[in-house]
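> Build me a model from this:
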Amino acid sequence: MVVVLFPRAILMAQSVETCKIIHAIPAPARDTRDLAFDGKCLWIGASGTYYLYQIAPENGEIVKVIPTTIPKPYGLTFDGNYLWVTDNLNHEIQQVDTSDGTVLKTFPTPADPAQSYPYGLAWDGERLWHNDTKGPHIETSGDSTFCMDTLGNVIATYPAHGGYPTGLAFDGKFLWCSENEFDVIHKIDISTFAVVRTIKAPGGDYPNGLTWDGQYLWVSNNDADSIYQLDVNEQTGLPTVHMQARSFVLLQNYPNPFNPITTIVFQLSRAMEVRLQIFDLTGRRVCQLVNGPQLIGKHAVIWDGRDDAGRPVSSGVYWCQLRSKRGTETKKMLLLR
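Numbers count the residues shown, from 1 in each chain. Down below sits the predicted model:
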């Protein structure tokens, strides 16, 4: 690997946006996880209770409780008729009737059970989106986001944005994903799986749940045992220039397609710690090219198509991901041998 530093380039700065909290309500139980919205009420699960709670969004009052066989319901979404629930302990996804908790369908989560920690769910009107981490700690690499049909067949796999991704929500156009490493929420363009915006998650550590009510984003936080309604269209306390600016930019590698080497360029508006990593289509990390503090300016890194062990990788599509505490950017690359 070769790293080349270009002369300093001053770029416009970007800050993680802070959004207005409309109001907050208490969680119905401790250690709450993902959220779902059924058109009128919120649904939420809690670790160890074996219940799913339907609550009033106005005040958090419990409207209904249905039993579940899932001890750790870490993912939750509503498809217009039924709930879908991730079983973190048994590595399953269930379709559940909200009238009485009857399980209508069950299939395994897509990642290898021996190396996964399944989490959030979102419904985009046709498909399920699912987050999987490689373990309950941010230090474990290889987190993935899967797009699946309702039979559990994987349509696409992406390296997840950020460390320890948890809740997911779909707003009709974009996917929202909470990240526990830096307590932020990323807005993702699902056509490119690129982050287009990053906001600060309320409540401190562990923003584990997300859902969209048609106008506002809801966030559950099991550190604060609270649920927050956010106006994501109104930023507070940030100059306009910061809302539109970017603290770092990952450019498309060149050449692309490539064989056997390619150059990856990224630009930083300030000195910061970043990670530059390559993932395959299964979400497995192939190699880490940069990990640590970098100077302001433009940086070029040459990847020679080898993994961390120095072995040549096979032809195919790979994802290049640049990550810092201010967000994540991802580019698709094609290696042809």
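> drop to CA atoms for contacts and neighbour counts, all remaining ones
Fine.
> Could you report the neighbour count for Ile66?
16 (other CA atoms under 10 Å).
> What of Asn259?
14.
> ok, now Phe258?
By other CA under 10 Å, the residues close to Phe258 number 18.
> which residues sit in contact with the residue nearest to it when sequence neighbours are not counted?
Of all residues not flanking Phe258 in the chain, Leu335 sits nearest, at 5.2 Å (CA to CA, 6 or more residues apart in numbering). The neighbourhood of Leu335, defined by CA atoms under 8 Å, 6 or more residues apart in numbering, consists of Asn256, Pro257, Phe258, Asn259, Pro260, Gly305, Ser314, Ser315, Gly316, Val317, Tyr318.
> Double-check that the first one belongs to a helix.
No - when classified by DSSP: H, G, I helix; E, B strand; the rest coil, Asn256 is found to be coil rather than part of a helix.
> per-residue pLDDT, it?
As predicted, Asn256 sits at a pLDDT of 81.
> right, and it touches Lys331 too?
No - between Asn256 and Lys331 there is no contact under CA atoms under 8 Å: 10.8 Å.
> Same drill for the two, tell me which one is more crowded.
Lys331 (18 against 15).
> Could the C-alpha coordinates of the helix or strand hosting the more buried one be exported in PDB?
Assigning secondary structure by DSSP states H and E places Lys331 in strand 327-335. Provided in PDB are the C-alpha atoms of strand 327-335 (Å, rounded to 0.1, in the frame of the first residue of the first chain):
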ATOM      1  CA  GLY A 327     -20.000  10.400   8.800                       C
ATOM      2  CA  THR A 328     -19.300   7.800   6.100                       C
ATOM      3  CA  GLU A 329     -19.000   7.700   2.400                       C
ATOM      4  CA  THR A 330     -18.900   4.600   0.200                       C
ATOM      5  CA  LYS A 331     -17.900   4.000  -3.500                       C
ATOM      6  CA  LYS A 332     -18.400   0.900  -5.600                       C
ATOM      7  CA  MET A 333     -15.300  -0.500  -7.400                       C
ATOM      8  CA  LEU A 334     -14.900  -3.300 -10.000                       C
ATOM      9  CA  LEU A 335     -11.800  -5.500 -10.200                       C
END
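> give me the low-pLDDT residue ranges for this structure?
Filtered on pLDDT under 70, the chain yields the residue ranges 1-15, 136-141, 234-246.
> ranges for the helices of it?
In the chain, the helices defined using DSSP state H lie at 240-244.
> returning to what we had before: neighbour-wise, which of the contacts of Leu335 leads?
Taking other CA under 10 Å as the neighbour criterion, Gly305 ranks highest of the contacts of Leu335 with 23 neighbours.
> residues in contact with that one?
Per CA under 8 Å, 6+ apart, neighbours of Gly305: Asn259, Pro260, Ile261, Pro312, Val313, Leu335.
> taking those residues one by one, which sit in strands?
Leu335 (DSSP state E).
> could the contacts of Gly305 be laid out in JSON lines, adding distance to Phe193?
Output for the contacts of Gly305, formatted as JSON lines (distance: CA to CA, whole Å):
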{"residue": "Asn259", "distance to Phe193": "24"}
{"residue": "Pro260", "distance to Phe193": "25"}
{"residue": "Ile261", "distance to Phe193": "24"}
{"residue": "Pro312", "distance to Phe193": "26"}
{"residue": "Val313", "distance to Phe193": "23"}
{"residue": "Leu335", "distance to Phe193": "19"}
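> That's all I had, so thanks and see you.
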